[in-house]
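*Asks:* With the input below, show me the fold.
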Amino acid sequence: MDNIEWKISDPYVFQALSGIVGSNVAVETSRGSVRGRLASVQPDHIVVELGRNAFFIRTAQIVWVVPNPELVME
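*Replies:* You can find the predicted model right below:
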């Protein structure tokens with residue numbers, strides 16, 4: 001079980017998002033939008049934090065991501 005091999009479904013998105021971890025982002029998904037700090041990028045999901053809430057978003061559900069350093073955090 002220790003030797004898990006991940007297959008990245010969209011390596012370009014994974015690479016681009018990995019470069020902006022810690023930045024404020026707006027993420028549009030197939031279910032709506034989320035704004036916050038990009039806390040983590042994994043092969044199958046990202047984590048966006050807003051205040052004390054963490055949103056786990058499947059990479060396959062992402063429509064677009066906009067890095068936004070001027071995003072107002074609540």
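*Asks:* Phi first, then psi, for residue 11.
*Replies:* For residue 11, the backbone dihedrals (degrees, to the nearest 10) come out as phi -60, psi -30.
*Asks:* got a pLDDT number for it?
*Replies:* At residue 11, the model reports a pLDDT of 80.
*Asks:* Tell me how far it lies from residue 37.
*Replies:* In this structure, residue 11 lies at 23 Å from residue 37, with Cβ to Cβ, to the nearest Å as the measure. (Each C-beta comes from the backbone N, C-alpha and C, glycine too.)
*Asks:* Comparing those two, which residue is more hemmed in?
*Replies:* Taking other Cβ atoms under 10 Å, residue 11 and residue 37 do not tie; residue 37 has more neighbours (17 against 10).
*Asks:* residues contacting that one?
*Replies:* Neighbour list for residue 37: 22, 23, 24, 25, 48, 49, 50, 73 [criterion: Cβ atoms under 8 Å, 6 or more residues apart in numbering].
*Asks:* Just the element for the fifth one, please.
*Replies:* Counting by DSSP states H and E, the element that carries residue 48 is strand 45-50.
*Asks:* Let me know the average pLDDT across that strand.
*Replies:* The predicted confidence, averaged over strand 45-50, sits at 96.
*Asks:* that older thread, can you list the contacts of residue 37 in a markdown table and add distance to residue 41 and neighbour count?
*Replies:* Compiled in a markdown table, those are given as follows (distance: Cβ to Cβ, whole Å; neighbours: other Cβ atoms under 10 Å):
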| residue | distance to residue 41 | neighbour count |
| --- | --- | --- |
| 22 | 10 | 9 |
| 23 | 11 | 14 |
| 24 | 15 | 19 |
| 25 | 11 | 21 |
| 48 | 10 | 21 |
| 49 | 13 | 15 |
| 50 | 17 | 16 |
| 73 | 19 | 10 |
